[in-house]
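Novice: Sharing a model prediction with you, sequence too.
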Amino acid sequence: MNFTMNDLALLAIALVIGWILGLMMSGRGKFKRLWQEEKVAHRTALKDRDARLEAAEARVRELERHAAPVGTGAGVTGAAIGGSHGRDDLSRITGVSQREEVALNEAGYHRYGQIAGLSAEQEATLEARLGLAPGTITRDDWRGQALALERGESKPGLLDRLTGGR
C-alpha cells in the first residue's frame, strides 16, 4: 500500500473531524441529563418553598384569628379591648407609635400600669431598644399619661393642653 502525502493528509483530516464529532455526540447526553436533573431539583425546591409559605400563611391566619382587633370603634376604649386579651392600647400614649407599641409588647410591656411604674433604668433601656433619644419617655411624660389612662381618664385633647385643663 502506497499512500501519498495528500492521502495521509485527507485521512488525518477525516480522523480529526470524526474525533470532534464523536466528542460532541457523546458529551451531549451527559449535559442534557445534568440539565434535566437541575430542572427537577429546581421544581422540587419551588414546591418546598411554596409549601413553607402556605404553612406560614396558615399560621399567620391562625394568629390573626386569636389576636386583638387592630382598629377600634369610636365607642370602644383601648382598655376594654385590651382587658379581654391582657393588654392595653399603648399607642394611646402620646409619642408611642404602632411600631413602638409592638416593640413594647415584645419587651413585655402590655398594660398602662407597667408603663406608669417604669424606673429610670427601665426607661433608658426602653429608649435604647426603641431607638429613641435619651430622655424622650420623661419629656413626653409616658408614665403620667399611662397613669391617667389606667385610671380611665381620657388623654387630654389639644384644647385641654392649650387652656391648661380649664
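Specialist: Perfect, thanks for sending it.
Novice: quick check, distance from the host helix or strand of Met25 to the centre of its chain.
Specialist: Secondary-structure assignment from DSSP states H and E places Met25 in helix 5-66. From the chain centre to the centre of helix 5-66 is a distance of 34 Å (Cα atoms, centre = their mean, to the nearest Å).
Novice: helices or strands up against that helix?
Specialist: Packing contacts for helix 5-66, counted by 3 or more Cβ pairs under 8 Å, 6 or more residues apart in numbering; DSSP states H and E, involve no helix or strand. In this view, the C-beta of every residue, glycine as well, is placed from N, C-alpha and C.
Novice: avg pLDDT for that helix?
Specialist: For helix 5-66, mean pLDDT rounds to 88.
Novice: start the count at 10, not 1, going forward
Specialist: All set: I'll call the first residue 10, so the last point we hit is now helix 14-75.
Novice: What count of nearby residues applies to Gly104?
Specialist: 14 (other Cβ atoms under 10 Å).
Novice: hang on, it packs against Thr145?
Specialist: Yes - using Cβ atoms under 8 Å, Gly104 is in contact with Thr145, at 6.9 Å.
Novice: Neighbours of Leu141, how many?
Specialist: Around Leu141 there are 16 residues (other Cβ under 10 Å).
Novice: Which of the three states applies to it?
Specialist: Assigned with DSSP: H, G, I helix; E, B strand; the rest coil, Leu141 falls in the coil class.
Novice: Phi, psi for it please.
Specialist: phi -90, psi 160 (degrees, to the nearest 10).
Novice: for it, what are its contacts?
Specialist: With contact set as Cβ atoms under 8 Å, 6 or more residues apart in numbering, Leu141 has these partners: Leu135.
Novice: where's Lys56 relative to Glu159, distance?
Specialist: Distance of Lys56 to Glu159, given as Cβ to Cβ, to the nearest Å: 51 Å.
Novice: Mind checking which of the two has more residues around it?
Specialist: Neighbour count, other Cβ under 10 Å: between Lys56 and Glu159, Glu159 has more, with 17 against 10.
Novice: Verify the contact between that one and Gly122 for me.
Specialist: Yes - using Cβ under 8 Å, Glu159 is in contact with Gly122, at 5.3 Å.
Novice: any idea how far Ile22 is from Glu47?
Specialist: 37 Å.
Novice: try Ile146
Specialist: For Ile146 relative to Ile22 (Cβ to Cβ), the value is 88 Å.
Novice: between these two, who's got more neighbours?
Specialist: Ile146 (23 against 10).
Novice: Tell me which helix or strand Thr134 sits in.
Specialist: helix 129-139.
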